[in-house]
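Asks: Requesting a structural model of the entry that follows:
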Amino acid sequence: MSTPTSQARYSSLSIALHWFTLLLMVAIYVAIEMHESLPRGHALRRPMEEWHIYLGVILLPIAIFRAVMILRSNIPAIVPAPPVWQHRITLAMKVYLYVLMIGNPILGWMMENAEGHVVTLFGMGLPSLVGESEALADVVSEAHEVLGVSGYFFIGLHAVAALYHHYLVKDNTLVRMLPRFGKKDSNS
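Replies: Below you'll find the model as predicted:
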């Protein structure tokens, strides 16, 4: 498990993946919201759903890689150190966000397979995780939607917490994950 260190920032790779993941998740949510807002039969409705699925499949290996990285790397310490209860809440939030980033693409993949669809990536069909089953599709679809909708709240809470720490607590929580433009990052 990772431990806090005296380094000031996350590595350049961690920072880049964090912000790329945010952009990817925004695109995933935009695609499904556009799909849902378009009337049935609209020419863009199915392509928006396909982009939602495609981007979710791309998110999965990135999120797994990030989870492995965070478990194997040293995390920059928050200065000044927050109370223990805040560390526990932060850990719970990170676990939840990784469940969202890893679990929901898997649930979406299972849902597509249970509905009889093949999930593709870069034009290649991916193996089916489950067989076709209307009952399973219904259960997995509900779980996928509940987890996805709860993501709006928890991603927003994550952002608000970072801003709270930066502007009100005035610690380095947010700065640790901001890119350093124009200067070489010694923690890469």
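Asks: for this protein, what spans make up the helices?
Replies: Ranges of helices within the chain are 12-37, 45-72, 84-98, 104-114, 134-164, based on DSSP state H.
Asks: With mean neighbour count and mean pLDDT added, can I get those in a markdown table?
Replies: In short, each C-beta sits where N, CA and C put it, glycine included. Shown next, in a markdown table, are those (neighbours: other CB atoms under 10 Å; pLDDT from 0 to 100):
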| stretch | mean neighbour count | mean pLDDT |
| --- | --- | --- |
| helix 12-37 | 16 | 97 |
| helix 45-72 | 17 | 96 |
| helix 84-98 | 13 | 95 |
| helix 104-114 | 23 | 98 |
| helix 134-164 | 14 | 97 |
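Asks: I figured Ala143 hits Met110, correct?
Replies: No. The pair Ala143 / Met110 is not scored as a contact, 9.1 Å apart, by CB atoms under 8 Å.
Asks: Just give the closest residue to the spatially most central residue of the chain, not the sequence neighbours.
Replies: Compute the mean C-alpha point of the chain, and by CA atoms, centre = their mean the closest residue is Met101, 3.7 Å away. Closest residue to Met101 apart from its sequence neighbours, by CB to CB, 6 or more residues apart in numbering: Ala63 at 3.6 Å.
Asks: again with Pro80
Replies: Spatially, and ignoring its direct neighbours in sequence, Pro80 is nearest to Asp171 (5.8 Å; CB to CB, 6+ apart).
Asks: Let me see the contact set for the one you found.
Replies: By CB atoms under 8 Å, 6 or more residues apart in numbering, the contact set of Asp171 is 78-80, 82, 165.
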